[in-house]
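Peer 1: I'd like to go over a predicted model; first the sequence, then the structure.
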Amino acid sequence: MGFFDKLFGKKEKESLDQGLQKTKEGFLSKISKAIAGKSTIDASLLDQLEEALISADVGIDTTLQIIARIEERIKKEKYVNTAALHHLLKDEIQNVLPGADETYKNFEIPAHKKPFVILIVGVNGVGKTTTIGKLAHNYTKAGYSVLLGAADTFRAAAVDQLTIWSERTGVPIVKQAMGSDPSAVAFDTVKSAVAQRTDIAIIDTAGRLHNKAHLMEELSKIKRVIQKVIPDAPHEVMLVLDGSTGQNALEQAKQFTAATEVTAITITKLDGTAKGGVVLAIANQFKIPVKFIGVGEKMDDLLVFDKKEFVNSLFDLQDAEGIG
């Protein structure tokens, strides 16, 4: 069985289950408490369910959508027994998530776009550099050639960290001195990728001052310069968000999506938080594909987001919690 036939394998499922452990423990324990001693789904139970979803950082708007859908199904399908709640919840949580992009199932890229240029955006501290390193590792493992571009020239640490990931993954890097023009680094990266017939170019960008106009102007300049080499690039603008910050991640998503065209989202650090429900809030609210999630420190702990597997994992403690 080849890499592209694997889809969501046993190893990925184990990583996902472990990464969501804190989120699902809190989430399911609250649902279990709400159900305890009740035989029918009533208004009080739905209020407690709403509270459980909000406390997992699913977000108010997304939570209200889920509850409204459940109420509608209860009326239409005559569900009254609490035994049906587990089934209803799983269904409706999946239904508020956008459909998965099948081309990302196995770190696959479109065959007709080469080099495939990915621009990475996001504030400092969210795990951008680590995400780039993990992407480089996974794309290399999938059989692609990769080139990194260190265009966050405002921070020496950013270039140094990306250089370490370059060495760790065996992927070449294009970089210049600190304070260099970021768009010049991006230009050199894409030009080099074309010359070397590289499959994928991943370009890091500055992550500070996400609410300041000049940084967003810099991103626009990078895009314009890249397009001098490849007119339809970048092919992906990937926003990286820290899942452990909960609602703050939503605010960052608002800032970036308002200022630049974000085409995909990666949510990191889900393994250290009980706020994993923010994945649902972000995916539902912005209608931008959540393509990857970070669930650990290892290079293989960046997973392709599969909404069905995510929701199944979220409910994986059902037997221990007495749900379903």
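Peer 2: Okay, I see it.
Peer 1: so who does the spatially most central residue of the chain touch?
Peer 2: Closest to where the C-alpha atoms of the chain average out (C-alpha atoms, centre = their mean) is Thr266, at 2.6 Å. Contact analysis of Thr266 by C-beta atoms under 8 Å, 6 or more residues apart in numbering lists 131, 238-241, 290-294, 302. The C-beta positions use only the backbone N, C-alpha and C, and glycine is treated the same way.
Peer 1: just curious, which of those residues is nearest to Phe315?
Peer 2: Nearest to Phe315 among the contacts of Thr266: Ile293, at 16.7 Å, using C-beta to C-beta.
Peer 1: looking at it, that closest one is touching Lys307, isn't it?
Peer 2: No: using C-beta atoms under 8 Å as the test, Ile293 is too far from Lys307 to be in contact (10.8 Å).
Peer 1: So for the two, which residue has more residues nearby?
Peer 2: Counted by other C-beta atoms under 10 Å, Ile293 and Lys307 do not tie: Ile293 has more neighbours, with 26 against 20.
Peer 1: before we move on, the earlier item: quick one: which of the contacts of Thr266 sit in strands?
Peer 2: Members of the contacts of Thr266 lying in strands (criterion: DSSP state E): 238-241, 290-294, 302.
Peer 1: Which members of these are the farthest-apart pair?
Peer 2: Leu239 and Leu302 (14.8 Å).
Peer 1: Give me the more crowded residue out of these two.
Peer 2: Using other C-beta under 10 Å, the more surrounded residue of Leu239 and Leu302 is Leu239, with 29 against 23.
Peer 1: need the contact list for the more buried one.
Peer 2: Applying C-beta under 8 Å, 6+ apart to Leu239 gives the contacts 121-122, 252-253, 256-257, 262, 264-266, 288.
Peer 1: would you turn these into CSV with secondary structure, distance to Ile54 and pLDDT?
Peer 2: As requested, the contacts of Leu239 are exported to CSV (DSSP: H, G, I helix; E, B strand; the rest coil; distance: C-beta to C-beta, whole Å; pLDDT from 0 to 100):
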residue, secondary structure, distance to Ile54, pLDDT
Val121, strand, 28, 93
Gly122, coil, 25, 91
Gln252, helix, 20, 88
Ala253, helix, 18, 90
Phe256, helix, 24, 86
Thr257, helix, 22, 86
Val262, coil, 25, 92
Ala264, strand, 26, 93
Ile265, strand, 21, 94
Thr266, strand, 24, 95
Ile288, coil, 22, 89
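Peer 1: Just the buried subset of these, written out for PyMOL, thanks.
Peer 2: Here is the PyMOL command that selects the buried residues among these (16 or more other C-beta atoms under 10 Å):
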select buried, resi 121+122+252+253+256+257+262+264+265+266+288
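Peer 1: Save the contacts of Leu239 as a markdown table, and put in distance to Val311 too.
Peer 2: Converted to a markdown table, those look like this (distance: C-beta to C-beta, whole Å):
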| residue | distance to Val311 |
| --- | --- |
| Val121 | 27 |
| Gly122 | 25 |
| Gln252 | 24 |
| Ala253 | 21 |
| Phe256 | 26 |
| Thr257 | 24 |
| Val262 | 24 |
| Ala264 | 20 |
| Ile265 | 17 |
| Thr266 | 19 |
| Ile288 | 19 |
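Peer 1: my guess is Leu219 meets Thr260, correct?
Peer 2: Yes: the pair formed by Leu219 and Thr260 meets the contact definition of C-beta under 8 Å, at 5.2 Å.
Peer 1: Tell me which of these two has more neighbours.
Peer 2: Set Leu219 next to Thr260 and count neighbours by other C-beta under 10 Å: Leu219 wins out with 23 against 19.
Peer 1: Okay, buried residues for the helix or strand hosting that one please.
Peer 2: Using DSSP states H and E, the element containing Leu219 is helix 213-227. Buried residues in helix 213-227, defined by neighbour count with 16+ other C-beta under 10 Å: 215-216, 218-219, 222-223, 225-226.
Peer 1: I'd like those residues as CSV, with pLDDT and distance to Phe116 appended.
Peer 2: Formatted as CSV, these follow (pLDDT from 0 to 100; distance: C-beta to C-beta, whole Å):
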residue, pLDDT, distance to Phe116
Leu215, 70, 25
Met216, 74, 23
Glu218, 86, 22
Leu219, 87, 19
Ile222, 94, 16
Lys223, 94, 15
Val225, 96, 18
Ile226, 97, 12
